[in-house]
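Visitor: next comes the sequence, and after it the predicted model I'd like to discuss.
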Amino acid sequence: GEQSVLEREGVGPGDLFLFFGWFREVELHGDGMRFRRGAEDQHVLWGWMQIGEVLSVGKQPLPAWAGYHPHVAAAAGRSNNTLYVASDRLTIDGLDAALPGAGTFATHAPKLRLTKAGATRSLWDLPAWFEPVDRPPLGYHGTSSRWTRRGDRVDLQSVGRGQEFVFDTDHYLEALAWIRNLLT
């Protein structure tokens with residue numbers, strides 16, 4: 001499962017989750033909203049969480065506030081059940097980012113869009129340094145045919161399932177500046 005991937009990759013305190021989802025533009029219509037006709041489906045980054053603490057449900061005492069969490073309240077039958085708790089403050093490369101440890105981006109911005117303009121949502125447009133040349137790839141994206149270089153950009157045909165794409169910034173120092181840019 002997903003937790004097995006995170007555990008195998010050594011994800012823990014100090015690591016950063018970037019959350020993305022499937023979005024489409026909407027417009028006001030009558031009393032509510034509807035999808036804007038012709039709007040593209042797209043994967044967009046919508047939030048972050050830096051891990052402050054990892055709690056193994058059923059294997060260690062948990063704080064009282066955790067009792068409401070579905071992984072605790074309905075823990076029966078779940079193996080490898082884990083809670084990731086956000087840090088109080090976000091730090092990137094040891095520097096205080098002046099942000100909480102978890103949050104959502106206030107508004108959509110082009111820099112948060114993963115999907116390449118005019119393409120299906122699973123074709124992503126990323127900085128070229130993402131391409132895994134002589135370094136470990138973004139999790140689940142090790143097949144070279146998924147990557148197409150275009151100057152200072154790279155197209156990535158993202159996999160169709162899962163969201164636990166682990167990326168080790170120890171091998172991609174360029175990622176730190178990219179992450180800082182996303183958060184400002």
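Guide: Cool, got the structure. If you're wondering where the values come from, they're calculated on a predicted model, not measured in any experiment. Numbers count the residues shown, from 1 in each chain.
Visitor: can you pull out the helices in this protein?
Guide: Here the chain has its helices, by DSSP state H, at 2-8, 70-73, 174-183.
Visitor: can you add mean neighbour count and mean pLDDT and give the ones you listed back as CSV?
Guide: Placement of C-beta: from N, CA and C, glycine included. Shown next, in CSV, are the helices of the chain (neighbours: other CB atoms under 10 Å; pLDDT from 0 to 100):
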stretch, mean neighbour count, mean pLDDT
helix 2-8, 15, 73
helix 70-73, 14, 67
helix 174-183, 14, 92
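Visitor: and the ones you listed as CSV, adding distance to D31?
Guide: As requested, those are exported to CSV (distance: least, CB to CB, whole Å):
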stretch, distance to D31
helix 2-8, 38
helix 70-73, 32
helix 174-183, 35
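Visitor: nearest to D96, out of these?
Guide: Set against D96 and scored by CB to CB, the helices of the chain come closest in helix 174-183, at 11.8 Å.
Visitor: ok, residues contacting that closest one?
Guide: 16, 18, 45, 48, 90, 92-93, 97, 99, 105, 111-112, 127, 129, 167, 169 (CB atoms under 8 Å, 6 or more residues apart in numbering).
Visitor: could you do stretch 18-27 as well?
Guide: Applying CB under 8 Å, 6+ apart, the external contacts of stretch 18-27 come out as 33-36, 39-49, 108, 114, 121, 163, 179, 182.
Visitor: what about the protein, any weak spots by pLDDT?
Guide: 1, 3, 71, 73-80 (pLDDT under 70).
Visitor: longest strand of it?
Guide: Ranked by residue count, the top strand of the chain under DSSP state E comes out as strand 42-56.
Visitor: the spatially closest residue to G151 that is not a sequence neighbour and W178, how far apart?
Guide: With sequence-adjacent residues excluded and distances taken as CB to CB, 6 or more residues apart in numbering, G151 is closest to A128, at 7.0 Å. Counting by CB to CB, to the nearest Å, the gap from A128 to W178 is 11 Å.
Visitor: next one: F19
Guide: Taken as CB to CB, the span from F19 to W178 is 16 Å.
Visitor: repeat that for D96.
Guide: Noted for D96: a distance of 18 Å to W178, by CB to CB.
Visitor: residue with max distance from the center of this protein?
Guide: G30 (34.4 Å; CA atoms, centre = their mean).
Visitor: do you know how far it is from F23?
Guide: From G30 to F23 the distance is 22 Å (CB to CB).
Visitor: any idea what the most centrally placed residue in the chain is bridged to?
Guide: The centroid of the chain falls nearest to L18 when counting by CA atoms, centre = their mean (2.7 Å). Note on L18: beta-bridge partners by DSSP bridges are W48.
Visitor: cool, the one 4 residues further on as well?
Guide: On DSSP bridges, the residues paired with W22 through beta bridges are H43.
Visitor: and for the one 4 residues further on?
Guide: In this structure, V26 bridges to F35 when assessed by DSSP bridges.
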